[in-house]
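Trainee: Next input, structure requested:
(one chain, ligands or ions: 2)
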Amino acid sequence: MTDSAVHHILGQSEAIEGIRRLVRKAAASPARTILIYGETGTGKGLTARAIHELSPRGAGPFVDINCAAIPAELLESELFGFERGAFTGANQKKVGLVEAADRGTLFLDEIRELSPVLQAKLLTLMDTQRFRRVGSVTPIGVDVRFVAATNRILLNEVNEGRFREDLYYRLQVISINLPPLRERGEDILFLARHFLAELCQRYGRAPMAISDDVAGIFRAYRWPGNVREMQNLLERIVALEEADVIGRGHLPARVLRTLTDGGPHPARASAADFHAATESFQRDLIGRALSAHAGNVHSAALALGLTRHALRHQLKKLGLDPSSFTGKS
Ligand SMILES: Nc1ncnc2c1ncn2[C@@H]1O[C@H](COP(=O)(O)OP(=O)(O)OP(=O)(O)O)[C@@H](O)[C@H]1O
Ligand SMILES: [Mg+2]
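Mentor: Ligands and ions are numbered 1, 2, ... in the order given. As a prediction, this is how the structure comes out:
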């Protein structure tokens with residue numbers, strides 16, 4: 001067990017330091033389930049791997065599955081495996097990912113995509129550490145830690161009847177909220193310079209610098225795709241531009257637009273983005289108020305023009321922990 005994994009989670013902000021502390025504690029704990037919440041590109045996959053590597057299970061397998069990427073009808077046998085003859089075409093028995101993750105970690109990405117049937121099976125497995133292969137009556141015991149990730153607020157899915165409440169509470173035992181990049185002002189240039197240096201080396205070219213102008217734009221931009229968006233944007237520049245200093249002329253139009261129209265405001269989001277945009281806007285507002293008042297719910301509520309009760313309700317809905325805004329842990 002090394003401490004290096006947690007150092008892959010880069011950043012200088014208080015928020016990211018808090019995340020590194022939480023990841024270390026969660027990894028070392030005997031908790032069987034850990035939930036990671038964060039917008040796309042905030043580092044959920046990276047965090048899941050760090051938790052595994054820092055845990056006493058680090059020498060065991062790390063198995064990951066994206067619940068959104070596999071058709072629902074295949075997911076069950078992918079997870080639980082099957083016995084020979086379990087269904088037409090099952091000529092060989094198949095070991096599922098749960099068994100493959102024995103003594104290690106199973107990372108369930110985009111967990112809200114699980115069907116109700118699989119949610120129920122998973123909950124039983126989490127509670128008993130036993131499962132059955134498809135087509136078998138014999139339970140198999142395993143020793144698995146489950147790390148689940150989601151980019152949507154699961155409580156909303158619970159309220160709308162799409163996600164089991166008991167599974168939700170099971171997953172909530174330890175939850176880690178990865179803040180969006182735009183809320184980590186100090187990390188923006190730190191990460192940009194880090195990735196830029198790395199990319200220049202990889203592309204075998206002299207180090208590039210970021211102009212003050214672009215530094216200002218980076219700080220103002222909303223980074224909807226978070227750290228991944230920043231990596232991709234910089235890679236495109238390193239690959240295609242010859243200048244030694246990145247200027248605004250090298251930035252894509254969507255980034256420059258932030259300067260003129262205030263960026264992708266929730267009010268301009270499409271209907272499909274409505275829930276995500278509303279949630280993200282609420283998280284922004286509440287996060288900023290809590291940070292400004294060192295995590296004090298009473299003061300933050302006053303600043304937002306909400307009652308303390310109403311703010312508490314919102315915090316619960318958004319899965320936010322006020323103590324993570326104190327700057328301490
Ligand atoms: N704090 C960080 N320090 C260094 N690299 C980071 C950090 N956060 C994210 N990254 C990098 O950004 C990219 C996206 O991270 P990752 O794939 O873990 O995000 P994600 O939250 O799982 O995204 P998605 O929801 O789209 O799957 C990866 O290349 C990852 O290494
Ligand atoms: Mg991911």
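
Trainee: What backbone torsions are found at the residue in the stretch 51-200 of the chain that ligand 2 sits nearest to?
Mentor: Ranked by CB to the ion, the top residue of the stretch 51-200 of the chain for proximity to ligand 2 is Asp109, at 5.5 Å. For glycine as for every other residue, the C-beta is placed from the backbone atoms N, C-alpha and C. Main-chain torsions, Asp109, degrees, to the nearest 10: phi -80, psi 150.

Trainee: I figured it was touching Arg49, is that so?
Mentor: No. Applying CB atoms under 8 Å as the test, Asp109 and Arg49 come out as separate, 11.4 Å apart.

Trainee: re the thing from before, identify the bridge partners of the residue of the stretch 51-200 of the chain closest to ligand 2.
Mentor: Asp109 has these beta-bridge partners by DSSP bridges: Asn66.

Trainee: Strands of the stretch 151-300 of the chain, start to end?
Mentor: Counting by DSSP state E, counting those that start in this stretch, the stretch 151-300 of the chain has strands at residues 175-178, 209-210, 245-246.

Trainee: count of neighbours near Arg32?
Mentor: Using other CB atoms under 10 Å, the number of residues around Arg32 comes to 15.

Trainee: for the closest residue in space to it that isn't next to it in sequence, what are its contacts?
Mentor: In space, and not counting its chain neighbours, Arg32 is closest to Arg145: 5.7 Å by CB to CB, 6 or more residues apart in numbering. Each residue near Arg145 by CB atoms under 8 Å, 6 or more residues apart in numbering is listed here: 31-34, 52, 55, 57, 104-106.

Trainee: Closest to Glu186 out of these?
Mentor: Among the contacts of Arg145, Ile34 lies closest to Glu186 (CB to CB), at 26.1 Å.

Trainee: so who does the residue of the stretch 51-200 of the chain closest to ligand 2 touch?
Mentor: 44-45, 48, 64-68, 148-149.

Trainee: winner for burial among the strands of the stretch 151-300 of the chain?
Mentor: strand 175-178 (a mean of 21; mean count of other CB atoms under 10 Å).

Trainee: Over in this structure, which residue gets nearest ligand 1? Let me know.
Mentor: When scored by CB to the nearest ligand atom, the chain has Gly43 as its residue closest to ligand 1, at 2.8 Å.

Trainee: Off-centre distance for stretch 287-300?
Mentor: On the basis of CA atoms, centre = their mean, to the nearest Å, stretch 287-300 sits 23 Å off its chain's mean C-alpha point.

Trainee: wait, is Val147 part of a strand?
Mentor: Yes. Counting by DSSP: H, G, I helix; E, B strand; the rest coil, Val147 is found in a strand.

Trainee: Next, count neighbours for it.
Mentor: Residues near Val147, counting by other CB under 10 Å: 29.
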